[in-house]
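Visitor: Need a 3D model of the following:
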Amino acid sequence: MMLATMASTPVGLPTGRRSLDELASQVLRQGRWLRIRAHGGSMTPFLRDGDVALVTPAAGGDIRVGDVVCFETAPGRLFLHRVVERQGTRVVAKGDALISTTVIGLHQVLGKVQAIERRGRVKRLDTRAARWRNRAIAFLSPALSRLSSLAVGLRRFVRAVPRD
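Guide: Okay, the predicted model is just below:
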């Protein structure tokens, strides 16, 4: 799963990943935006390990299928996943590269990713085209995770084949 730690914030930083995640959740709960560095491969290729995500606070009514959200499963445990379904006061979230989903309450959603920075380039997620693309990814999510697993396996196989 995609664990997120804070990259920058207007307040002082404590030490340790869990402390950073706790501080990040407090900042978002106070209604302030922040930039967090993504760790892990659950959102590959859309969001990669080391990418920086701009997260803004979001109310439950602002969350739609396709949105990439920052949520807290337990104090100090933050994740970035895509909303693939809404169920009243809950949402189903899933890493693009994962097969499994997580059902979370809207009260656990701390914010929504508005932009992703990778190698100095910024990709906005709040444009009309980006919202349509994100909904399409959410719709195709079950197939994409299986294709991603196949691609990784094929890549490992190709690398393992001895070359003459």
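Visitor: Report pLDDT for residue 91.
Guide: For residue 91, the model assigns a pLDDT of 95.
Visitor: give me the number of residues near it?
Guide: Number of residues near residue 91 (other CB atoms under 10 Å) recorded here: 27. (Each C-beta comes from the backbone N, C-alpha and C, glycine too.)
Visitor: same deal with residue 121?
Guide: Close neighbours of residue 121, defined as other CB under 10 Å, add up to 7.
Visitor: again, but for residue 118
Guide: Neighbours of residue 118 under the rule other CB under 10 Å: 14.
Visitor: can I assume it is in contact with residue 49?
Guide: No - at 10.6 Å, residue 118 and residue 49 do not qualify as touching, with contact defined as CB atoms under 8 Å.
Visitor: Which residues are in contact with each of these two?
Guide: Common neighbours of residue 118 and residue 49, using CB atoms under 8 Å, 6 or more residues apart in numbering, do not exist here.
Visitor: Check the secondary structure at residue 38 for me.
Guide: With DSSP: H, G, I helix; E, B strand; the rest coil as the basis, residue 38 sits in strand.
Visitor: what's the nearest residue to it if we skip its chain neighbours?
Guide: Excluding the flanking residues, the one nearest residue 38 by CB to CB, 6 or more residues apart in numbering is residue 51, at 4.9 Å.
Visitor: repeat for residue 116
Guide: Residue 116's closest residue in space is residue 123 (CB to CB, 6+ apart), at 4.8 Å.
Visitor: my read: the one you found touches residue 113, true?
Guide: No - the criterion here is CB under 8 Å, and residue 123 misses it with residue 113 at 10.1 Å.
Visitor: more crowded one of the two?
Guide: Neighbours per residue (other CB under 10 Å) separate residue 123 from residue 113, with residue 113 holding more: 25 against 13.
Visitor: Hmm, the more buried one is touching residue 70, no?
Guide: Yes - with contacts counted by CB under 8 Å, residue 113 reaches residue 70, the gap being 6.8 Å.
Visitor: The chain: strands as residue ranges?
Guide: Applying DSSP state E to the chain gives strands spanning 3-8, 34-39, 52-57, 68-74, 77-87, 90-94, 102-105, 109-118, 121-124.
Visitor: For residue 139, which of those strands is the nearest?
Guide: Of all the strands of the chain, it is strand 77-87 that lies closest to residue 139, at 8.1 Å by CB to CB.
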